[in-house]
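Trainee: sequence isn't available, so here's the structure alone:
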């Protein structure tokens, strides 16, 4: 009887251990998004030295589980999706006078299906909104991006102001149930190698 109980106890321990290990190794079993999951000021300055003395580049990471993403059904507006946790970091939020901005958003969703839907929307946006009106003329063109995460898309948006064009590069990457969206705007075209460099760092940190 004692041997049977001991065997049963051991089997129970083994099953519990295997269950815990499988849960930890399952791609969907991710902890909530934390501050260190997004790029830091040091990461950004290493790739874009122009931000070194930029007072607009934030010093804090903001908690935000709502992700705004490209909406191909209404090219001039972006859709919103709420996740279970998230963070955002970058330059002064809501400011439109800046000549240079960098903003990154990382949100984890309840299911992979939600995360995949956002990537689908972003990819469709590139073709559906290639040329549209957003209060002014705007164009969208796919940008180069190395293989990152489970799904990825990058594109350049150019808005034509009377003072001249403003170009923004957007990178969207899915990794499991997490979606990373990074937007970079500079006075001149952001080189593809720079986009790839900061994207690799961001994806490596996103969990």
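Mentor: Sure thing, it's come through. Keep in mind that what you see is a predicted model, and the values were worked out from it rather than measured.
Trainee: beta partners for the residue positioned nearest the centre of the chain?
Mentor: The centroid of the chain falls nearest to residue 180 when counting by Cα atoms, centre = their mean (1.2 Å). Here residue 180 sits in beta bridges with residue 106, residue 173, as judged by DSSP bridges.
Trainee: OK, contacts around it?
Mentor: Applying Cβ atoms under 8 Å, 6 or more residues apart in numbering to residue 180 gives the contacts 104-106, 149, 171-174, 202-203, 206. C-beta here means a position set from N, CA and C on the backbone, and glycine is covered the same way.
Trainee: any idea which helix or strand comes after the helix or strand of the chain with the lowest mean pLDDT?
Mentor: One helix or strand of the chain scores below all others by mean pLDDT, DSSP states H and E: helix 2-25, with a mean of 40. Counting by DSSP states H and E, the next helix or strand C-terminal to helix 2-25 is helix 41-47.
Trainee: so where do the helices sit in the chain?
Mentor: With helices called from DSSP state H, the chain shows them at 2-25, 41-47, 112-128, 192-205.
Trainee: quick revisit: just the contacts of residue 180 now: which is nearest residue 66?
Mentor: residue 105 (8.9 Å; Cβ to Cβ).
Trainee: hmm, that closest one is touching residue 63, no?
Mentor: No. Counting by Cβ atoms under 8 Å, residue 105 does not reach residue 63; the two are 11.4 Å apart.
Trainee: give the residues shared as contacts by the two.
Mentor: 86-87.
Trainee: identify the residues contacting the closest residue to residue 37 other than its chain neighbours.
Mentor: Closest residue to residue 37 apart from its sequence neighbours, by Cβ to Cβ, 6 or more residues apart in numbering: residue 207 at 5.2 Å. Shown in contact with residue 207 (Cβ under 8 Å, 6+ apart): 30-31, 33, 37, 175-176, 178.
Trainee: quick check: the farthest pair among those residues?
Mentor: Taking Cβ to Cβ, no two of those sit farther apart than 31 and 175, at 13.6 Å.
Trainee: the more surrounded of these two?
Mentor: Taking other Cβ atoms under 10 Å, residue 31 and residue 175 do not tie; residue 175 has more neighbours (20 against 9).
Trainee: now the more buried one: how far from residue 194?
Mentor: Distance of residue 175 to residue 194, given as Cβ to Cβ, to the nearest Å: 21 Å.
Trainee: got it, and residue 140?
Mentor: 19 Å.
Trainee: ok, now residue 106?
Mentor: Distance from residue 106 to residue 194, by Cβ to Cβ: 20 Å.
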